[in-house]
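Colleague: Here's a sequence, model it:
(one chain, ligands or ions: 2)
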Amino acid sequence: MQHQVIHIHPQAPQKPALGAACNGCGLCCLVEPCPIGVVVSGRLKGECKALVWSDQAGRYHCGVLAQAYEAARPALDGRKAPWWRRLWWRWVHRMIAAGIGCDAALEAVSPVKN
Ligand code: SF4
Ligand code: SF4
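Modeller: Ligands and ions are numbered 1, 2, ... in the order given. Prediction:
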């Protein structure tokens with residue numbers, strides 16, 4: 001079993017079981033970036049630079065997906081907007097496997113306190 005030290009927000013929710021709905025615990029994106037995150041972060045390991053903590057929601061968000069959603073929102077609401085914005089949002093959604101549930105086979109262990 002491999003171990004990796006990460007720094008996670010103290011208010012972050014506990015990681016749900018594999019296959020359960022994603023709750024934004026952030027664990028997967030703190031361990032290593034997804035393919036889009038690799039491009040954004042310029043690295044293969046460690047925290048993704050696009051990961052954003054939300055105090056309001058009490059969870060992490062993907063900054064790339066949030067930006068793509070904002071860009072596509074007019075089109076998603078049925079208003080006029082450049083067609084590529086909707087395509088971009090769909091592509092990001094697919095690339096980061098959003099909405100399919102937690103696919104991270106990881107286990108978080110709290111640090112031992114002396
Ligand atoms: S996919 Fe899983 S590990 Fe990643 S943020 Fe969602 S719940 Fe956490
Ligand atoms: S889902 Fe978003 S925040 Fe997570 S690794 Fe991918 S690009 Fe980064």
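
Colleague: what stretches of the chain score poorly on pLDDT?
Modeller: 112-114 (pLDDT under 70).

Colleague: Recalculate using a threshold of 80.
Modeller: Scanning the chain for pLDDT under 80 picks out the ranges 1, 99, 110-114.

Colleague: all strands for it, in order.
Modeller: Ranges of strands in the chain, per DSSP state E, are 51-54, 59-62.

Colleague: Output the contacting helices and strands for the last one.
Modeller: In other words, strand 59-62. strand 51-54 (3 or more C-beta pairs under 8 Å, 6 or more residues apart in numbering; DSSP states H and E). (Each C-beta comes from the backbone N, C-alpha and C, glycine too.)

Colleague: How about the strand it packs on and ligand 1, any contact?
Modeller: No. Using C-beta under 6 Å from any ligand atom, we find that strand 51-54 stays clear of ligand 1, coming within 8.9 Å at best.

Colleague: Can you list the strands that that strand pairs with?
Modeller: In the sheet, strand 51-54 lines up against strand 59-62 (antiparallel) (DSSP bridges).

Colleague: what sits up against the strand it pairs with?
Modeller: 9, 12-13, 23-26, 29, 50-54, 96, 98 (C-beta atoms under 8 Å, 6 or more residues apart in numbering).

Colleague: How far away from the center of its chain is it?
Modeller: 6 Å (C-alpha atoms, centre = their mean, to the nearest Å).
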